[in-house]
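Novice: Turn this into a structure:
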Amino acid sequence: MDADNARKTWELQNNIVTVDPADQVYLYDKEAHNREVNGKPWAKDPHYFTKVKISAVALIKMVMHARSGGVNEVMGYMQGKIQGDTMIVMDSFALPVEGTETRVNAMNEANEYSVNHTETCKQVREVGSFWGVGRLENVLGWYHSHPGYGCWLSGIDCSTQLLMQQFQEPFVAVV
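Specialist: Down below sits the predicted model:
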């Protein structure tokens with residue numbers, strides 16, 4: 001019993017948080033993520049990533065955003081992490097873009113919004129503050145809608161994805 005109490009005391013004093021294995025996916029380990037990203041295993045194998053997991057929260061936000069656009073395309077970014085051959089999307093956020101029935105035009109406002117949103121997410125919320133949610137994951141990809149004409153990447157979409165991957169890897173596209 002004394003060893004058990006000593007362990008519990010040590011865990012409390014050192015801010016040790018035990019996590020159920022089923023909830024492990026919700027934790028963000030910046031060092032582990034950086035090790036995976038810096039290793040760039042996908043550079044040697046273009047088929048490295050075999051799965052994309054999207055949280056219910058991220059999916060609902062993307063679907064509601066797509067539905068809100070009506071006949072016009074919408075666009076947003078996804079935040080998440082990688083674990084082995086899996087990209088895990090934890091959250092998503094809409095971008096203020098100009099959409100038409102066949103394309104979205106992300107202007108400078110969208111880029112500025114993206115940077116501000118990501119930085120604000122990383123700030124840990126202070127008591128009485130409405131800013132910052134403690135979301136530490138980086139932008140991992142982008143999404144947009146094709147209202148009424150199917151799920152595929154157009155030539156413009158492929159060019160956008162290529163451009164995104166030049167600035168940040170890995171990066172995933174969802175339609």
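Novice: that's a strand at residue 52, yeah?
Specialist: Yes: according to DSSP: H, G, I helix; E, B strand; the rest coil, residue 52 belongs to a strand.
Novice: now the closest residue to it other than its chain neighbours: how far from residue 19?
Specialist: Spatial nearest neighbour of residue 52, excluding adjacent residues (C-beta to C-beta, 6 or more residues apart in numbering): residue 87 at 4.7 Å. The way it works is simple: take the backbone N, C-alpha and C, and place the C-beta from them, glycine included. For residue 87, the distance to residue 19 equals 21 Å [C-beta to C-beta, to the nearest Å].
Novice: Looking at these two, which is more packed in?
Specialist: residue 87 (21 against 10; other C-beta atoms under 10 Å).
Novice: Surely the more buried one is in a strand?
Specialist: Yes: assessed by three-state DSSP, residue 87 belongs to a strand.
Novice: which residues touch it?
Specialist: If you count contacts by C-beta atoms under 8 Å, 6 or more residues apart in numbering, residue 87 has them with 49, 51-53, 80-81, 140-141, 170, 172.
Novice: could those residues be laid out in a markdown table, adding neighbour count?
Specialist: Putting these into a markdown table (neighbours: other C-beta atoms under 10 Å) gives the following:
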| residue | neighbour count |
| --- | --- |
| 49 | 16 |
| 51 | 10 |
| 52 | 15 |
| 53 | 13 |
| 80 | 26 |
| 81 | 22 |
| 140 | 22 |
| 141 | 23 |
| 170 | 17 |
| 172 | 19 |
